[in-house]
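A.B. asks: Mind looking at a prediction? Sequence and model below.
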Amino acid sequence: MTAKSFDVVIAGGGMAGTTLAWALTQTNPKLSIAIVEKQAVLQAATKSERCNQASFDSRSIALAAASVELLQQWQLWPELVANACPIKHVKVSDRGHFGKVSLQHQDYQQPALGYVLEVEHLGNLLLTKLKHCQQVTWFDANSIAHITPRQDHQELELHGGQHIQAKLLVIAEGGSSPSRALAGITMPQQHYGQSAVIANLALAKNHNFSAYERFTEHGPIALLPLTKQRYSLVYTTTSMQAERLMQLSETEFLSQMQQAFGYRAGVFSGAGQRAIYPLSLGIADSIIRHRLALLGNSLHNLHPIAGQGFNLALRDIEQLVKLLSVAEDAGSYSLLRAYQQARQTDISQVAFATDALVRIFSNRSRLLALARNMGLLALLMCKPLKTPLARHAMGYRR
Ligand SMILES: Cc1cc2nc3c(=O)[nH]c(=O)nc-3n(C[C@H](O)[C@H](O)[C@H](O)COP(=O)(O)OP(=O)(O)OC[C@H]3O[C@@H](n4cnc5c(N)ncnc54)[C@H](O)[C@@H]3O)c2cc1C
């Protein structure tokens, strides 16, 4: 039996994998692309069933301004914008202490500091587009069983029994990726002992496009503005406390959230379905291997404190797409080296900064509390200090 051959095989059809596939169709119409996805995404008949896919769950993500520019380049943004809520003001505070920082979009001559999007909208759009795309072959409800490296391709045997070949295999299977392990790449995990509880909260009055982030001794808690007078809540706390929050009735849950945020962010009038995510930090010990590249959470699995995971994945995709658009051989050593060089500094810097934020702001030491509050105060009072912070938050690297 002859194996079907593809230029690029993407393992994992979640947020990062499908965005890469679509971006490639927009920039390189000659590439043949396959997606191997564990879940039966194509069989799901209805819109709501499709959104049950793990990657496109009830979560919302904050997209930096630079990420929105990428989604615009790949012709996705016009169909997403109606469901995206601009963040015009960001208010950061440390509970029980004096330090506060606020960022305003006008100060940076931007229409918004970023946007918040419920991921199911991105999922519906990408799956609909890719389902009907001639350039893309799906192997859904399937996964890779064996990877055999050959000089000019990777030979892949799928659990469904199919044999396929890839000039380049891109692994985008999320944080606990079996194909990454098959390729011999490890991702050491540091568990924070924290979990994030997420839910959408309805508001009695409008949020005025403001996002709130508060640091508490158990972890950061955030409210991101959503369309239709709602907030997306990300409540980080100890794993035990998070489990308890999941068990509360809606009224008890709302009352605890109101207590945590006070009334500055408004009065919460309802809470949607809750979900819980255990939090850890993991960086793969290698970005590339022979004819293989890692992408998204398979490469970097971060705490959501700074809302950086998918923004970072979009920059991985940007690089890979750029390199593939001029490559003669999709999996050549020079292309993979260039990808590694282009990505390693950004990933290490964002992972380091995110980890430092978690540790500094979850620490009960009074001295550290004073230092971080002085830091927040200095940021508040000094615009030249705030500018690099805001540019970073907007996803601009320079
Ligand atoms: C609470 C929370 C809030 C967040 N907020 C933000 C934010 O505001 N901004 C931001 O940028 N990021 C945010 N993130 C991070 C963001 O959600 C992730 O970076 C993003 O989901 C990564 O996408 P991915 O496709 O790499 O992985 P995943 O979303 O995990 O998708 C992996 C895909 O691979 C499939 N798969 C798994 N195993 C296999 C296999 N063996 N074979 C085939 N397919 C497989 C899965 O079914 C899935 O479809 C947040 C994360 C959390 C938990």
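C.D. replies: Sure thing, it's come through. Quick caveat: nothing in here was measured; it's all calculated off a predicted structure.

A.B. asks: Buried ones in stretch 177-187, by neighbour count?
C.D. replies: If you call a residue buried by 16 or more other Cβ atoms under 10 Å, then stretch 177-187 has these buried ones: 177, 179-180, 182-183, 185, 187. Backbone N, C-alpha and C define where each C-beta goes, glycine included.

A.B. asks: What are the boundaries of the helices in the protein?
C.D. replies: All helices of the chain, identified by DSSP state H, fall at 15-27, 47-50, 65-73, 77-80, 119-131, 178-182, 239-247, 250-261, 309-324, 333-361, 366-381, 383-393.

A.B. asks: one step back: which ones, among the buried residues of stretch 177-187, also lie beside the ligand?
C.D. replies: Under the cut-off given by Cβ under 6 Å from any ligand atom, the ligand has S179 from those close to it.

A.B. asks: and the helices of the chain as TSV, adding mean pLDDT and distance to Q106?
C.D. replies: Output for the helices of the chain, formatted as TSV (pLDDT from 0 to 100; distance: least, Cβ to Cβ, whole Å):
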stretch	mean pLDDT	distance to Q106
helix 15-27	97	31
helix 47-50	49	37
helix 65-73	94	14
helix 77-80	97	22
helix 119-131	95	27
helix 178-182	98	44
helix 239-247	96	36
helix 250-261	94	24
helix 309-324	97	22
helix 333-361	89	26
helix 366-381	49	16
helix 383-393	57	11
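
A.B. asks: out of those, deepest packed?
C.D. replies: Sort the helices of the chain by mean neighbour count, taking mean count of other Cβ atoms under 10 Å, and helix 15-27 sits at the top with a mean of 24.

A.B. asks: What number of residues are in the vicinity of Q104?
C.D. replies: Other residues within reach of Q104, judged by other Cβ atoms under 10 Å, total 15.

A.B. asks: try G12
C.D. replies: Per other Cβ under 10 Å, the neighbour tally for G12 reads 29.

A.B. asks: Over to S176?
C.D. replies: The criterion is other Cβ under 10 Å. On that basis, S176 has 13 neighbouring residues.

A.B. asks: could you dump the helices of the chain to a markdown table with distance to Q229?
C.D. replies: Supplementary listing: the helices of the chain in a markdown table, determined by distance: least, Cβ to Cβ, whole Å:
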| stretch | distance to Q229 |
| --- | --- |
| helix 15-27 | 26 |
| helix 47-50 | 22 |
| helix 65-73 | 22 |
| helix 77-80 | 19 |
| helix 119-131 | 17 |
| helix 178-182 | 41 |
| helix 239-247 | 23 |
| helix 250-261 | 15 |
| helix 309-324 | 24 |
| helix 333-361 | 29 |
| helix 366-381 | 28 |
| helix 383-393 | 24 |
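
A.B. asks: and F56, what does it touch?
C.D. replies: With contacts defined as Cβ atoms under 8 Å, 6 or more residues apart in numbering, F56 is in contact with 14-15, 50, 119-120, 122-124, 127.

A.B. asks: Alright, I will stop here.
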